[in-house]
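Student: based on what follows, work out the 3D shape:
(2 chains, ligands or ions: 2)
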Amino acid sequence: MSYLNISNVDVVFPTANGAYIALREVHLEIEKGEFIAIIGHSGCGKSTVLNVVAGLLPATRGGVLLENREVNSPGPDRAVVFQNHSLLPWLTVYENVRIAVDKVFGKSKSKAERHDWTVHNLKLVHMEHALDKLPGAISGGMKQRVGIARALAMEPKVLLMDEPFGALDALTRAHLQESVMEIQATLNNTVLMITHDVDEAVLLSDRIVMMTNGPAATVGEILPVDLPRPRNRLELADDPTYNHYRAEVLRFLYERQRRPEAA
Amino acid sequence: MSTVIAFSTAARVEPQRLETSAPMNMPARQADMAAANIERQPPVPTMETATAPVSRTRTRVAAILRAVILPTFTFLAVLAVWAFVNAKITSDIPAPAEAWTRAVEVLGSPFYDAGPNDMGIGWQVLYSLGRVMAGFALAVVVGIPVGFLMGASRAIHQACYPLVQILRPVSPLAWLPIGLLVFQAKDPSAIFVIFITSIWPVIVNTAAGVQAIPQDYLNVARVLRLGKLEVTRRILIPATLPHILTGMRLSLSVAWMVIVAAEMLTGGIGIGFYVWDEWNNLNVASIIVAIGVIGLVGILLESVMNLAQRHFDYNRR
Ligand SMILES: Nc1ncnc2c1ncn2[C@@H]1O[C@H](COP(=O)(O)OP(=O)(O)OP(=O)(O)O)[C@@H](O)[C@H]1O
Ligand SMILES: [Mg+2]
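Tutor: Numbering: from 1, shown residues only, chains lettered A, B, ... in the order given. Ligands and ions are numbered 1, 2, ... in the order given. Sure, this is the predicted structure:
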């Protein structure tokens, strides 16, 4: 049995015009330490999959098993990095991470240890210079870093990221991708990341899960990315294997799953 | 590792410089050096920095002058109209000079006490403020929890909102007779009127604040498995505080307007009755002085709420 098992998940939303089948038979098995990217057209149901794994949304049929145990409510073992960072704006950078640390390690770590752990995680994302700033006073990229630190600080079994860099400019996004690869190399987390960005998917992941268009979206194809790590985006730019993977994803998205409205 | 360090340094410089300094595709070592260079790089002198201080002070002075001169003109215009009314229309309205003499008199000894029917204007204001604070505090204590419940529960919202909608536009003074009947005393009735005045903005704003909490914050709470009490204390209250403060600020300014009217009706010590009493004595100069004082106290209350907002509202810190 795999580490994280998304097992034949259906999600149906009741709407004003009757039931909307968002997902049908989504099946995915993920090993410990794997980095999975989910890619697909807008509105196909990527966030829905992630929310089911997070426990924020119940599956209509099927379910999610983590270490052979069913998950049906949210918890810090499946930390989420939200698309729009969702830091609490009345708490400082430090406090935003500390609230998670206190909640998860309130019993097992002493106060001093929790402080150190908070600072340690902010150092991982290179935000130790802004501990006392409010989220309103830092840039979008920095907020996303703090969101990642907050998630990492929970020591989750699975790290869930919903288009974590979607709202950022290309340069900042590239820097954050480097950060994520570097952290991944040290901590070897199990990561499920949603993205719109083909290069990001190939650069970061071990496998790319390509979803078909909704309604009744499901896993269309899974592309294993067999590139040695550490990966360097400059070297990869001319790498034929890299470009092959890239082309595979593009072909899936723009030939086989052409957006209905673009057709 | 090193590319990321380059980022964290580069992120702190202005965007235009970012492009020329440490591009992300630079080999790591080189990017490091580039990043280090930025920090040592002295600010580039430009034409702008050389001329800026002079023109900036000049515009600053001009702005201050304008902020002083323009309102002064308005005041002078009002004084002119006032003097004209006194001279040409009715001499029952005292001349500005007369009012000024009276103001010096009244404000010269604000806290004299010659028995319950003859106290200084300072006392009158304090008594009124006391009633406002009592009614306002009650409204806050009752209104915030009610607003919270209405914001958090659809059912409670549906149950209460029509009532709030009906009662909110009613002039609070309409409640005075009810208060007098129930409490059989003037002071509690006035406080009751202020309570009614203050409670609607507090309820409505608190409820709106709770409803406006982004789902994301609640999702964060769910992922962290915060308990009900923790969610209230760490998410709901801080997230709604800006709205609550706005409600309180509205309440307080209206309450201060309403107390004057309420006291005119109830009598006793207070700035409202003072105005009424002076009217009965045909002492119009005192009324004009009282109007000025009421306005100034209103500004004071406003700035206290401003201060509170600056302190507690994370948007304004
Ligand atoms: N609560 C809901 N009620 C009804 N329909 C919903 C609900 N949530 C999502 N949907 C629908 O389900 C489909 C999948 O939504 P989802 O947010 O998972 O897409 P997505 O792939 O994450 O899109 P994007 O890339 O734009 O974020 C969409 O068509 C959406 O309209
Ligand atoms: Mg989405």
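
Student: do you know how far the residue of chain B found nearest ligand 1 is from chain A?
Tutor: For chain B, the residue positioned closest to ligand 1 under C-beta to the nearest ligand atom is B:Gln215, at a distance of 10.3 Å. Just so you know, the C-beta spots here come from the backbone N, C-alpha and C atoms, and that holds for glycine as well. If you measure B:Gln215 against chain A using C-beta to the nearest C-beta, to the nearest Å, the figure is 9 Å.

Student: same question, B:Val210
Tutor: 15 Å.

Student: residues in contact with that residue?
Tutor: B:147-148, B:150-152, B:236, B:239-240 (C-beta atoms under 8 Å, 6 or more residues apart in numbering or on different chains).

Student: do the same with B:Ile121
Tutor: Applying C-beta under 8 Å, 6+ apart, one finds that B:Ile121 lies in contact with B:106-107, B:110, B:271, B:274, B:289-290, B:293.

Student: that older thread, which of the contacts of B:Val210 are close to ligand 1?
Tutor: Among these, proximity to ligand 1 is found for none (C-beta under 6 Å from any ligand atom).

Student: for those, give me a markdown table that also has neighbour count.
Tutor: Listed next are the contacts of B:Val210 as a markdown table, based on neighbours: other C-beta atoms under 10 Å in any protein chain shown:
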| residue | neighbour count |
| --- | --- |
| B:Gly147 | 28 |
| B:Phe148 | 21 |
| B:Met150 | 24 |
| B:Gly151 | 24 |
| B:Ala152 | 15 |
| B:Leu236 | 21 |
| B:Ala239 | 20 |
| B:Thr240 | 24 |
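
Student: show me which of these has the smallest pLDDT value.
Tutor: Ranked by pLDDT, these bottom out at B:Ala152, which has 89.

Student: how about stretch A:23-32 and ligand 1, touching?
Tutor: No - with C-beta under 6 Å from any ligand atom as the threshold, stretch A:23-32 lies outside contact range of ligand 1, at a closest distance of 7.9 Å.

Student: where are the low-confidence patches of chain B?
Tutor: B:1-54, B:317 (pLDDT under 70).

Student: how about a cut-off of 80?
Tutor: Low-confidence regions of chain B, defined here as pLDDT under 80, cover residues B:1-55, B:315-317.

Student: show me which residues of the longest helix that it contains are buried.
Tutor: Among the elements of chain B assigned as helix by DSSP state H, the one spanning the most residues is helix B:47-84. Within helix B:47-84, the residues that qualify as buried by neighbour count (16 or more other C-beta atoms under 10 Å in any protein chain shown) are B:Trp82.

Student: may I see the contacts of B:Ile121 organised as TSV, with neighbour count, distance to B:Val210 and secondary structure added?
Tutor: Written out in TSV, the entries for these read as follows (neighbours: other C-beta atoms under 10 Å in any protein chain shown; distance: C-beta to C-beta, whole Å; DSSP: H, G, I helix; E, B strand; the rest coil):
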residue	neighbour count	distance to B:Val210	secondary structure
B:Val106	21	46	helix
B:Leu107	14	45	helix
B:Pro110	15	43	coil
B:Ile271	25	36	helix
B:Tyr274	28	41	helix
B:Val289	23	44	helix
B:Ala290	25	40	helix
B:Val293	21	38	helix
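
Student: taking the stretch 151-263 of chain A, what residue is nearest to ligand 1?
Tutor: Using C-beta to the nearest ligand atom, the single residue of the stretch 151-263 of chain A nearest to ligand 1 is A:Gly214, 5.2 Å away.

Student: please name the nearest non-neighbouring residue to B:Pro172.
Tutor: Closest residue to B:Pro172 apart from its sequence neighbours, by C-beta to C-beta, 6 or more residues apart in numbering or on different chains: B:Thr197 at 4.1 Å.

Student: count the neighbours of the one you found for me.
Tutor: B:Thr197 has 26 neighbouring residues, counting by other C-beta atoms under 10 Å in any protein chain shown.

Student: OK, contacts around it?
Tutor: B:135, B:139, B:172, B:251, B:254-255, B:258.

Student: what about 10 Å?
Tutor: If a contact means C-beta atoms under 10 Å, 6 or more residues apart in numbering or on different chains, then B:Thr197 has B:132, B:135-136, B:139, B:171-173, B:175, B:251-252, B:254-259, B:262 as its contacts.

Student: which ones among those residues lie within helices?
Tutor: Counting by DSSP H, the contacts of B:Thr197 place B:132, B:135-136, B:139, B:251-252, B:254-259, B:262 in helices.

Student: tell me where chain A has helices.
Tutor: Applying DSSP H to chain A gives helices spanning A:46-54, A:93-105, A:111-124, A:140-153, A:170-187, A:198-204, A:233-237, A:240-251.

Student: quick one: the third one to helix A:170-187, angle?
Tutor: To tie it back to what came earlier, the one meant is helix A:111-124. Using axes from the mean of the first three to the mean of the last three C-alpha atoms, to 10 degrees, the interaxial angle of helix A:111-124 with respect to helix A:170-187 works out to 130 degrees.

Student: CA atoms only: put helix A:111-124 into PDB for me.
Tutor: Extracted C-alpha coordinates of helix A:111-124, given in PDB (Å, rounded to 0.1, in the frame of the first residue of the first chain):
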ATOM      1  CA  LYS A 111       8.600  27.300  25.100                       C
ATOM      2  CA  ALA A 112      12.200  28.000  24.200                       C
ATOM      3  CA  GLU A 113      12.200  25.000  21.700                       C
ATOM      4  CA  ARG A 114       9.100  26.300  20.100                       C
ATOM      5  CA  HIS A 115      10.700  29.700  19.600                       C
ATOM      6  CA  ASP A 116      13.800  28.200  18.100                       C
ATOM      7  CA  TRP A 117      11.700  25.900  15.800                       C
ATOM      8  CA  THR A 118       9.700  28.900  14.600                       C
ATOM      9  CA  VAL A 119      12.800  30.900  13.800                       C
ATOM     10  CA  HIS A 120      14.400  27.900  12.300                       C
ATOM     11  CA  ASN A 121      11.600  27.400   9.800                       C
ATOM     12  CA  LEU A 122      11.600  31.100   8.900                       C
ATOM     13  CA  LYS A 123      15.300  30.800   8.300                       C
ATOM     14  CA  LEU A 124      14.600  27.900   5.900                       C
END
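
Student: so who does residue 159 touch?
Tutor: Since no chain was named, I'll use chain A. Shown here is A:Leu159, whose contacts under the criterion C-beta under 10 Å, 6+ apart are A:35, A:78-81, A:148, A:151-152, A:180, A:183-184, A:187, A:189-193.

Student: oops, I was thinking of chain B
Tutor: Each residue near B:Ala159 by C-beta under 10 Å, 6+ apart is listed here: B:149-150, B:153.
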